[in-house]
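In: just the structure for this:
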Amino acid sequence: MKFDISPYIDRKPTEVRRLIREGVIDFPTSGMSRGYAQANLVILPPAYAADFEEYAKLNPFPCPILEIVRGTPETHDMAEDGNIVTDVPRYRIYEDGVFTQEITDATDYWQDGYVGFLIGCSFSFEEALMKAGIEIRHIAQGRNVPMYKTNLPTQKVGPFEGPTVCSMRPMTPEQAELAYQITEQMPNVHGAPIHIGDPSIIGIEDIDQPDYGQAVTIRDGEVAVFWPCGVTPQAAIEQAKPPIVITHAPGHMFITDIPNSELNDYLEAKKK
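Out: Model (predicted):
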């Protein structure tokens, strides 16, 4: 499925969230609200929230926490008027670890005590790569970013464990070196690539068959560049098997009010 993000590239996050809420936007958000950070989402019942929070802290590159949402689904840090059950284009519902349906509004699933986690997204560093002259192939081809389960394990906490999921962007070796230098300065949105080159080394048998998202063209002379991905929690959810979990559908993000250029400093200050 191809889709057109061009009408939304320079729209403010609050406007894009409104259009998502109204059902106008129900497709991947990469490239929308240029300059603003985007976030992955996990919503869990209270009995699982503490273990997941620790799991994310011990696996900070695939699961960098931007905000924990408690009490109500309204956000506070990442967006003043945000709501995590209405402002994502598509949600996935997992029951006992099994993905059962995809929906555009998760309001009916929110219950008292649920805890939401907004997790840093690689879409946030794509702006910096494009400014450096690196083409982001899935944006250029109007596709969802390809994502793969790897043989790289995450650190287990309670019932949460599983493989690191990686997003992939093809580029020349020279661009890959530059991309490494740029993204290693952005630890709160996955940091540097964890693998460049032969996909089989990290357990990917067929680069044209991603586990999530859509395949993109890899041209002659290009290498595959893999970053830790915020879909990693969905693989851990399949292992943990909570009775119910709400996540974003891969590629369909929560768009925040925080500029990418300010996100790292904002989060570092918040930690202190």
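In: tell me which stretches of this protein form helices.
Out: When secondary structure is read from DSSP state H, the chain shows helices at 13-21, 46-58, 123-131, 137-140, 173-183, 232-240, 260-271.
In: kindly format the C-alpha coordinates of the longest one as CSV.
Out: By that I understand helix 46-58. Extracted in CSV, the C-alpha atoms of helix 46-58 (Å, rounded to 0.1, in the frame of the first residue of the first chain):
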residue,chain,number,x,y,z
PRO,A,46,-1.1,-2.4,36.1
ALA,A,47,0.1,-5.9,37.1
TYR,A,48,2.6,-5.8,34.2
ALA,A,49,3.6,-2.1,34.2
ALA,A,50,6.5,-2.2,36.7
ASP,A,51,8.2,-5.2,35.0
PHE,A,52,7.8,-3.5,31.6
GLU,A,53,9.2,-0.2,32.9
GLU,A,54,12.3,-2.1,34.2
TYR,A,55,12.6,-4.0,31.0
ALA,A,56,12.7,-0.7,29.0
LYS,A,57,15.3,0.7,31.4
LEU,A,58,17.5,-2.3,30.9
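In: and it, what other elements does it pack with?
Out: strand 65-70, strand 115-120, helix 232-240 (3 or more Cβ pairs under 8 Å, 6 or more residues apart in numbering; DSSP states H and E). Quick note: C-beta positions are derived from backbone N, CA and C, even for glycine.
In: go with 7 Å
Out: Helix 46-58 sits against strand 115-120, with contacts defined as 3 or more Cβ pairs under 7 Å, 6 or more residues apart in numbering; DSSP states H and E.
In: what packs against the strand it packs on?
Out: By 3+ Cβ pairs under 7 Å, 6+ apart, strand 115-120 packs against strand 36-44, helix 46-58, strand 65-70.
In: distance of the nearest residue to Val216 once chain neighbours are set aside relative to Pro170?
Out: Leaving aside its sequence neighbours, Val216 sits nearest to Arg137 (Cβ to Cβ, 6 or more residues apart in numbering; 4.4 Å). Going from Arg137 to Pro170 by Cβ to Cβ, to the nearest Å gives 6 Å.
In: now do Glu268
Out: Glu268 is 31 Å from Pro170, where distance means Cβ to Cβ.
In: neighbour count winner among the two?
Out: Taking other Cβ atoms under 10 Å, Glu268 and Pro170 do not tie; Pro170 has more neighbours (20 against 11).
In: residues contacting that one?
Out: Residues near Pro170 by Cβ atoms under 7 Å, 6 or more residues apart in numbering: 137, 216, 218-219, 222-224.
In: circling back to that earlier point, overlap of the contact sets of Arg137 and Pro170?
Out: Common contacts of Arg137 and Pro170 (Cβ under 7 Å, 6+ apart): Val216.
In: what's around the closest residue to Val157 other than its chain neighbours, how many residues?
Out: Nearest residue to Val157 in three dimensions, chain neighbours excluded: Tyr55, at 4.0 Å (Cβ to Cβ, 6+ apart). Residues lying near Tyr55 (other Cβ under 10 Å) number 24.
In: swap in Gly197?
Out: 13.
In: and it, its phi and psi?
Out: When quoted as degrees, to the nearest 10, the phi and psi of Gly197 stand at phi 110, psi -140.
In: residues near the residue nearest to it when sequence neighbours are not counted, how many?
Out: Distance criterion Cβ to Cβ, 6+ apart; nearest residue to Gly197, sequence neighbours excluded, is Val223 at 5.3 Å. Using other Cβ under 10 Å, Val223 has 18 neighbouring residues.
In: lowest-pLDDT helix or strand in the protein?
Out: Among the helices and strands of the chain, helix 260-271 carries the lowest confidence by mean pLDDT, DSSP states H and E, at a mean of 82.
In: just the pLDDT for the closest residue to Glu161 other than its chain neighbours.
Out: Sequence neighbours aside, Gln239 is the residue nearest to Glu161 in space, at 5.3 Å (criterion: Cβ to Cβ, 6+ apart). On pLDDT, Gln239 comes in at 93.
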